[in-house]
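**Student:** when you get a sec, could you give me coordinates for this:
(2 chains)
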Number of protein chains: 2
Amino acid sequence: LNILAFDFGGTQARCCLARGGTIGADVRVLQRRADDGGRDWLKRLLSEGRALTADLTPDAVAVSFGGPVLAGGRVISMHVKGWEDVELTQEMSEAFGVPVFIENDANCGALGEYHGGAGAGCRFMAYFTVSTGIGGGVILDGKLFRGAHGMAAEFGHMVLDALPDAPQYAAGKRGVLEALASGPAIAREGKVALALAGKPVPETLTAKHVFEHARAGESWAKAVLDVAIGHLARGVAAVICAYDLERVVIGGGVALAGDDLFIPLRQKVKAYLPPMLEGKAAIVPAMHGDFAPLLGAIAIALESRDD
Amino acid sequence: LNILAFDFGGTQARCCLARGGTIGADVRVLQRRADDGGRDWLKRLLSEGRALTADLTPDAVAVSFGGPVLAGGRVISMHVKGWEDVELTQEMSEAFGVPVFIENDANCGALGEYHGGAGAGCRFMAYFTVSTGIGGGVILDGKLFRGAHGMAAEFGHMVLDALPDAPQYAAGKRGVLEALASGPAIAREGKVALALAGKPVPETLTAKHVFEHARAGESWAKAVLDVAIGHLARGVAAVICAYDLERVVIGGGVALAGDDLFIPLRQKVKAYLPPMLEGKAAIVPAMHGDFAPLLGAIAIALESRDD
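**Tutor:** Now for the predicted structure:
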């Protein structure tokens, strides 16, 4: 089976023709230009897809989308203007004339890791992607779990800080996990900590920088990470309490910190779990990196064709 | 089918013979004596069961147990001494010579409400029992969800307060939902609030009293409930974020407060949910009260006989 697969993010997209259902070497990566509206961005992706399928008709189109996917394939992006409510399934269907499968990127990432990635060999798995935001996906008894309205596993929206001055982002409520432990949250707290310590605050500070400063022994950076990883650990522990899992896979840019993230994270999750759940779920880094959503979308198309 | 059903709690137990799978008028309620060890308590229940089945052999025994149930039917009670690790399935099987079905009481409660109770007519439901502790059960796509090791839906153990001085109980970690919003937690905060307000602190104060004082307009009681219901709301909202449900059923003694609990709870849950999940899950009081676990245990036995 040949599947034309897309992974739409807010600033970047990937596109490939998976021949025989596997990703080849020719994954195209596109950067959105600052002046691309939603329509322009979609047009560029469609034209890239047409170029990839110039010499054959794909059997299906598989789409990972970086935002909520509603029934019927309508999509909502909070990041791209003019993309508020696009009938993506219909657009793709008209463009390529084949069945279209669409799922949000965190669910696709979970499936991508489950199939031959860090979730291989287990039946109950949660996937956290920790980068600009925090997304989630869940595999229950070997299958993607979507919930009653396709909105399950919104881990980034769990409110874990009830204090009235808890941090808040535009898209979420005050004190949600995403505002406490995402990349931008770590960077924000890093700047606050530097200012409080009377040190110069660089204009650009990322979570990666904070991890580097902590590795170099700087106490302000260690303290920031201790708090942020503590919040992430409470989120992971809450998800384990809810689902009783075998494995929790953590991906996204923040997970690239490796042991500097995973060693304290595992300790803290253990400290937050009740005795009967301690040690039941292994906490492991994702294996497929940025390709997990694309792989998951392809897996959905392959599974649906099998049915 | 005739099913002998037990509901074992720490201080109270129920026992009935469900003829044709339905509960009759003759549910026996037993109170544990302070000097009953685990063995004595079990013996009294077995003897009650034998009396109920003196004139017929039941088709199955169904047990709701107030503590974790491990694979193979071993049970753990944190409340009854001498009951740390009892092979309850084996004991029951030897006593009655018929198949034994055993499940923890929160899971049984969820099933009891799902079958003809407050969860009737939906497919995705969570059940919170808020009383001495906080337990949970989940129905996904019409079936009890047990998780990878039978430990799913431990909602009372989610850590929702990360402050170093968060309240803690013996059985759980610091800042867990059970320590923030259970009956004893509300009573404890009520006493603190009375003391802080310079008022006399009665020796016995229960969550029910705090609700009564709030209804009478006393500000210390209103403030205590505002905080506790806020914590419960964050727990409910986190569970909705995890599962994406149609309904959340709240039972247990604290839920008997009715609108005084449910009206503010619904408002707060809404305030803690992300826009795409607002209003998706109805939050409703349990209908079967103390009988939900017994009904759920009977439902498990009936379902298993159908397979």
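
**Student:** quick one: A:Gly172 is in a strand?
**Tutor:** No - with DSSP: H, G, I helix; E, B strand; the rest coil as the criterion, A:Gly172 is assigned coil and is not in a strand.

**Student:** partners of the residue nearest to the spatial centre of chain A in the sheet?
**Tutor:** Per C-alpha atoms, centre = their mean, the C-alpha nearest to the average position across chain A is that of A:Thr129, at 3.7 Å. Under the criterion DSSP bridges, A:Thr129 forms beta bridges with A:Gly135, A:Gly251.

**Student:** how about stretch A:149-157, does it reach chain B?
**Tutor:** Yes - contact of stretch A:149-157 with chain B (C-beta under 8 Å from any C-beta of the partner chain) involves A:149-155, A:157. Just so you know, the C-beta spots here come from the backbone N, C-alpha and C atoms, and that holds for glycine as well.

**Student:** now that stretch: buried residues?
**Tutor:** A:149, A:151-157 (16 or more other C-beta atoms under 10 Å in any protein chain shown).

**Student:** out of these, which sit inside helices?
**Tutor:** Per DSSP state H, helices hold no members of the buried residues of stretch A:149-157.

**Student:** spell out which parts of the stretch 51-200 of chain A neighbour chain B.
**Tutor:** Counting by C-beta under 8 Å from any C-beta, the residues of the stretch 51-200 of chain A that sit close to chain B are A:68, A:76, A:122-124, A:138, A:140, A:145-155, A:157-162, A:171-173, A:176.

**Student:** how about the residue nearest to A:Gly183 when sequence neighbours are not counted, what does it touch?
**Tutor:** Leaving aside its sequence neighbours, A:Gly183 sits nearest to A:Ala207 (C-beta to C-beta, 6 or more residues apart in numbering or on different chains; 4.1 Å). Shown in contact with A:Ala207 (C-beta atoms under 8 Å, 6 or more residues apart in numbering or on different chains): A:183-184, A:186-187, A:190, A:253-254, A:257.

**Student:** the same query, at a cut-off of 7 Å, please.
**Tutor:** For A:Ala207, the contacting residues are A:183, A:186-187, A:254, by C-beta atoms under 7 Å, 6 or more residues apart in numbering or on different chains.

**Student:** tell me where chain A has helices.
**Tutor:** Under DSSP H, chain A gives helices at A:38-52, A:88-96, A:105-114, A:177-181, A:183-196, A:207-215, A:219-243, A:259-272, A:292-306.

**Student:** so which of those is the most surrounded?
**Tutor:** helix A:105-114 (a mean of 30; mean count of other C-beta atoms under 10 Å in any protein chain shown).

**Student:** just checking, what packs against that helix?
**Tutor:** strand A:60-65, strand A:125-130, strand A:134-140, strand A:143-144, strand A:247-251, helix A:292-306 (3 or more C-beta pairs under 7 Å, 6 or more residues apart in numbering or on different chains; DSSP states H and E).

**Student:** selecting buried members of the residues of the stretch 51-200 of chain A next to chain B in PyMOL, what would you type?
**Tutor:** In PyMOL syntax, the buried subset of these is picked out as below (16+ other C-beta under 10 Å):
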select buried, chain A and resi 68+76+122+124+138+140+145+146+147+148+149+151+152+153+154+155+157+158+159+160+161+162+172+173+176
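
**Student:** low-confidence ranges in chain A?
**Tutor:** A:10, A:25, A:77-85, A:170-171, A:306-307 (pLDDT under 70).

**Student:** rerun that using 50 as the cut-off
**Tutor:** Along chain A, no part satisfies pLDDT under 50.

**Student:** name the residue most distant from the centre of it?
**Tutor:** Of all residues in chain A (C-alpha atoms, centre = their mean), A:Gly198 lies farthest out, 35.0 Å.

**Student:** tell me how far that one lies from chain B.
**Tutor:** Counting by C-beta to the nearest C-beta, to the nearest Å, the separation of A:Gly198 from chain B is 25 Å.

**Student:** mind listing what the closest residue to A:Gly20 other than its chain neighbours touches?
**Tutor:** The shortest distance from A:Gly20 to any non-neighbouring residue, by C-beta to C-beta, 6+ apart, is to A:Leu1 (6.8 Å). Contact analysis of A:Leu1 by C-beta under 7 Å, 6+ apart lists A:20-21, A:59, A:302, A:305.

**Student:** for the stretch 201-307 of chain A, which residue gets nearest to chain B?
**Tutor:** A:Asp244 (2.5 Å; C-beta to the nearest C-beta).

**Student:** got it, and the stretch 51-200 of chain A?
**Tutor:** Closest point on the stretch 51-200 of chain A to chain B, by C-beta to the nearest C-beta, is A:Gly147, at 2.5 Å.

**Student:** was I right to think that residue contacts B:Ile240?
**Tutor:** No - contact criterion C-beta atoms under 7 Å: A:Gly147 and B:Ile240 do not qualify, at 9.1 Å.

**Student:** related to what we said a few turns ago, closest one to B:Ala223 out of the residues of stretch A:149-157 next to chain B, please.
**Tutor:** A:His157 (27.2 Å; C-beta to C-beta).

**Student:** which non-adjacent residue is nearest the closest one?
**Tutor:** B:Pro274 (4.1 Å).
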